[in-house]
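Q: Let's see this in three dimensions:
(2 chains, ligands or ions: 2)
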Amino acid sequence: MRVGDTVRYGFSNVSGSPVRAFLLLLAMSIGVASVVMLSTLGEAARLYVINQFSALGTHLLIVLPGRSETTGGAPPLLGAVPRDLILDDSNALLRGSSVSRVAPIVVGSAPISFRSLEREATIIGTTVDYGEIREIAISQGRFLPSADIKRGDAVCVIGETIRQELFGGERALGQSVRISSYRYRVIGILGDEGQSLGMEMGDAVFIPVASAQALFNTESLFRIMVQATQRETIPSAKEDVIRILRERHDGEDDVTVITQDAILGTFDRILKALTYTVVGIAAISLAVAGVLIMNVMLVSVSQRTSEIGLLKALGGSRRQILILFLSEAALLSVIGAVSGILISFAGVSALDGLFPTFPLTTPLWAYVSALIVAIVTGLVFGIMPARRAARLDPVDALMRH
Amino acid sequence: MIELDSIERVFQVGDEEVHALKHVTLTIDKGEYLSIMGPSGSGKSTLLNILGLLDRPTSGTYRLDGIDTTSMGDNEQADTRRHRIGFVFQSYHLVPRLTAAENVALPLMLSGMAPKERHVIVEQALDNVDLLDRAEHRPDQLSGGQRQRVAIARATIMQPTILLADEPTGNLDHISGESVIEVLEALNKQGIILIVVTHDMDIGERAARRIRMVDGSISKDVR
Ligand SMILES: Nc1ncnc2c1ncn2[C@@H]1O[C@H](COP(=O)(O)OP(=O)(O)OP(=O)(O)O)[C@@H](O)[C@H]1O
Ligand SMILES: [Mg+2]
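A: Ligands and ions are numbered 1, 2, ... in the order given. Alright, predicted model coming up:
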C-alpha cells in the first residue's frame, strides 16, 4: 500500500469522528504546548539571571570577610574570629598583577534630607572605581571623585528616585543634603537604569568610602569588588587576592572570594535543572495524551471490526492492517503536536507582550523534543490497538457489526 | 480449479465440539456456477469461508489450481485472496465513510496501485454494474441493490477466478435481488467460478450445479 493512501485512509477515519478526534488533539496539543511554553519560560529565567549577573560588571571577583564553610578545607581554629576587611586590605589588592581595579564597599541605611523633606536611603560608600567596574550610568554631574580613598569628601551621588522625592522639579546638582548629621554636596545623579540584581539603584546614595566609614562609625568593609585585567586572568586574580590577604592576615585564610563565573555557573545549573524538571512534569501530560490515543484507537478497532474483517477479505495482510492503524495513531499525534506548537507560538507571543523585558525565546530542543515525544507516544500507545486489529480473525470480524 | 478433500471444521464451544463440516469432498471446475442451499446451521457459510481462505479447515486438504492452500502462510493466503478470490456478503460490507468509487478501489489500494491508474479501472468496474453516475455517492446515499452492486464491482475489480457470494440477495427485495443475480451470472459467463449460498429456492435453481448441505455434509450434488 502506498504512503499517500495510508495517510489518506487514516485521515478519513480521523475526520470520520470529529468530536473524538478534536478532544484527543486538544489533550495532545495541551501537552505539547505546555512542554514548549514551560521550557521557554525556564530558558527565559535562565537568560534573565545571566543578563543580570553580567550587568554586575565584567570579570568580577567579590571578596567577603569570613571563610565560607562550603569551600571545605580545615575547620576554623577554636576562637579564631575572622578578621575584618579594612581599607588597607583593599589598597593592597592593587599589587596583584592580575588585578586591574579594586572597589571597597561599605553599605548601610540612613535618612537623607533636603530642607524639610526626608527619606530613608541605602548609603553605599565606595570609590570612583566602583563606577568603572559596574559601568554605572550618570545622568547629571559625575560619579565620585578620584581623590585619595582615605579622604572623606563630603560629596554624594544620588539615585533618580531620591532626586525626585527630595528635589522634585528643583535643580539638585550642587545642593547640600543632610545624611544623618553630616552635610554632603550633590555632585551627580545616577542614570535611570532601574533595578540591578534586586538592588534599586534609584534608592541608592553613593558617598566616598571614608565618609561612609565615618558616617557608620566603622573601619570594616562590607566587601571588596575586584576586577581582573581580563576574563582569562580571573583565576590568577583570585589567587592574587587570597595570597595578598593571607600575608596581611598573618597567614590566615579568613576571606571568601567569589568569582562572577562561579555564581553564573551555579545559577545556570540550578535554572537548567529547574527547567528540565518542570518540562519533565509537563511531559507527563503527553503520556496522558498517549493513553488517550490508545483508548481512542481501541474504541476505533472495536467499532471498525467488520471493516478490518473486510480489509482482510479483500486481501489486506496483517502487516498492512497494523501499519494502517499505527499510522492513524501517528497521524493523530502529529496533528496534535503541530497544533500544540501553534498554540505555544500564540502563548509565547502573548507572554512577550505582557513582559517585554523578559528575554523569551523558545529553545529549538523544546520543539524537536516535544514533536518527537508526541510521535513516539502515538506510536507506542498505538501499537497495542493496532496489533489487536491485525490479529482479528477475519470470519469473526466480518460477522460482527 | 478447486479441490476439497475430506474437509473437517470443528469449533470448540466451551466443552463441546461443534462439527460444522464433516468430510466434505468437492471438486469445482473452472467457470462453474454453483448454488449451495440447506437449512440454517448446516455449514454453508463455514464452507464458503474455507473456500475463500478466511478460515482454515481443522483437517483435510484444499487445493486451489493444484496448490495446497493449507500450507500457505498468512501473507500468502492474503495475497491469494487479493488476486484470486472475490467476496460478496449479505450485508454488503461497504466502508460507510468512503464513496462508492473509493470502496471499489480498496483492493487496488491495498495492492499498491497508483491513484491515477486506479481511476480508469474503477470507472470501468462501476460502469459494468451500471453505477457510473453514483461513483461519488456514499453507501448511505444508495439503495440496497445499488450497494450490493458496488460490492460486486469491488469483489471483481482484481479479476479473480472465484466469486463467493453468501446470501447476496438476503437483504434485498425481489426485483433488486434479481438484478444483482443477473450481474453475478453475467460475470460467470465471462469465466469466473460463481458460488452462491442462498435460502431462495428460485435463485438456487438457476445455478447449473446445485449442492444441498445438511448437518455439515453434502447431501445432494445435482448438475
Ligand atoms: N465461530 C464459530 N464458533 C462456534 N461455532 C460456530 C462458529 N461458526 C459457525 N459455528 C457453528 O457451525 C455450524 C455451521 O454454521 P454456519 O454459519 O456455517 O451455518 P449456515 O449454514 O451458514 O447457516 P445460516 O443459513 O443460518 O447462515 C453452526 O452450528 C454454527 O453454530
Ligand atoms: Mg450462513
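
Q: which non-adjacent residue is nearest whichever residue of chain B sits closest to chain A?
A: In chain B, the residue that lies nearest chain A is residue B:82 (2.3 Å; CB to the nearest CB). Every residue, glycine included, has its C-beta placed from N, CA and C. Spatial nearest neighbour of residue B:82, excluding adjacent residues (CB to CB, 6 or more residues apart in numbering or on different chains): residue A:315 at 2.3 Å.

Q: Just give me the longest helix of the chain.
A: Just so you know, I chose chain A. Using DSSP state H to define each element, chain A has its longest helix at helix A:260-303.

Q: I was thinking of chain B, sorry if that wasn't clear
A: helix B:174-189.

Q: May I have the predicted confidence score for the residue nearest to residue B:82?
A: The score at residue A:315 is 92. That number is its pLDDT.

Q: Can you pull up the most central residue in chain A?
A: Per CA atoms, centre = their mean, the C-alpha nearest to the average position across chain A is that of residue A:46, at 2.0 Å.

Q: element containing residue 35?
A: No chain was given, so I picked chain A. Residue A:35 is part of helix A:18-55, with elements assigned from DSSP states H and E.

Q: please go with chain B instead
A: strand B:33-37.

Q: mind listing what residue B:213 touches?
A: Applying CB atoms under 8 Å, 6 or more residues apart in numbering or on different chains, we find residue B:213 in contact with B:36, B:37, B:38, B:42, B:43, B:44, B:47, B:219.

Q: so it sits in a strand?
A: Yes. Assessed with DSSP: H, G, I helix; E, B strand; the rest coil, residue B:213 lies in a strand.

Q: Skipping adjacent residues, who's closest to it in space?
A: Closest residue in space to residue B:213, ignoring its immediate chain neighbours: residue B:38 at 3.6 Å, by CB to CB, 6+ apart.

Q: So that neighbour sits against residue B:214, correct?
A: Yes. Contact criterion CB atoms under 8 Å: residue B:38 and residue B:214 qualify, at 5.7 Å.

Q: so which helix or strand takes in residue A:346?
A: According to DSSP H and E, residue A:346 maps onto helix A:318-354.

Q: next SSE after that helix?
A: Past helix A:318-354, the next helix or strand by DSSP H and E is helix A:364-391.

Q: So which elements touch the helix or strand just after that following helix?
A: For helix A:364-391, the following helix or strand on the C-terminal side (DSSP H and E) is helix A:394-399. Counting contacts by 3 or more CB pairs under 8 Å, 6 or more residues apart in numbering or on different chains; DSSP states H and E, helix A:394-399 packs against helix A:305-313.

Q: isn't there a strand covering residue B:86?
A: Yes. Applying three-state DSSP, one finds residue B:86 inside a strand.

Q: In contact with the residue nearest to it when sequence neighbours are not counted, which residues?
A: Nearest residue to residue B:86 in three dimensions, chain neighbours excluded: residue B:155, at 3.2 Å (CB to CB, 6+ apart). Residue B:155 makes contact with B:86, B:87, B:88, B:163, according to CB under 8 Å, 6+ apart.

Q: repeat that for 6 Å
A: B:86, B:87, B:88 (CB atoms under 6 Å, 6 or more residues apart in numbering or on different chains).

Q: and the most centrally placed residue in chain B, what does it touch?
A: The centre of chain B sits closest to residue B:164, judged by CA atoms, centre = their mean, with a distance of 1.9 Å. Going by CB under 6 Å, 6+ apart, residue B:164 touches B:48, B:52, B:87, B:195.

Q: how about low-confidence regions in the chain?
A: Unless you meant another one, I'm taking chain A. Within chain A, the segments meeting pLDDT under 70 span A:55-57, A:68-82, A:193-199, A:401.

Q: Let me rephrase: I mean chain B.
A: Within chain B, not a single segment meets pLDDT under 70.

Q: Surely the residue nearest to residue B:82 is in a strand?
A: No. With three-state DSSP as the criterion, residue A:315 is assigned coil and is not in a strand.

Q: how close does it get to ligand 1?
A: Note on residue A:315: its distance to ligand 1, by CB to the nearest ligand atom, to the nearest Å, is 22 Å.

Q: tell me the phi and psi of that residue?
A: As for residue A:315, its main-chain torsions (degrees, to the nearest 10) stand at phi 100, psi 10.

Q: I'd like the distance from it to residue B:38, if you could.
A: According to CB to CB, to the nearest Å, residue A:315 stands 28 Å off from residue B:38.

Q: which parts of chain B sit against chain A?
A: Within chain B, the positions lying close to chain A (CB under 6 Å from any CB of the partner chain) are B:49, B:54-55, B:74-75, B:78, B:81-82, B:87, B:93, B:95, B:97, B:106-107, B:109-110, B:112.

Q: what does the stretch 201-350 of chain A have sitting close to chain B?
A: Listed as neighbours of chain B in the stretch 201-350 of chain A under the rule CB under 6 Å from any CB: A:307, A:310, A:313, A:314, A:315, A:316, A:317, A:318.

Q: so the fourth one touches residue B:107, yeah?
A: Yes. With the criterion set as CB atoms under 6 Å, residue A:314 and residue B:107 qualify as a contacting pair; they are 4.8 Å apart.
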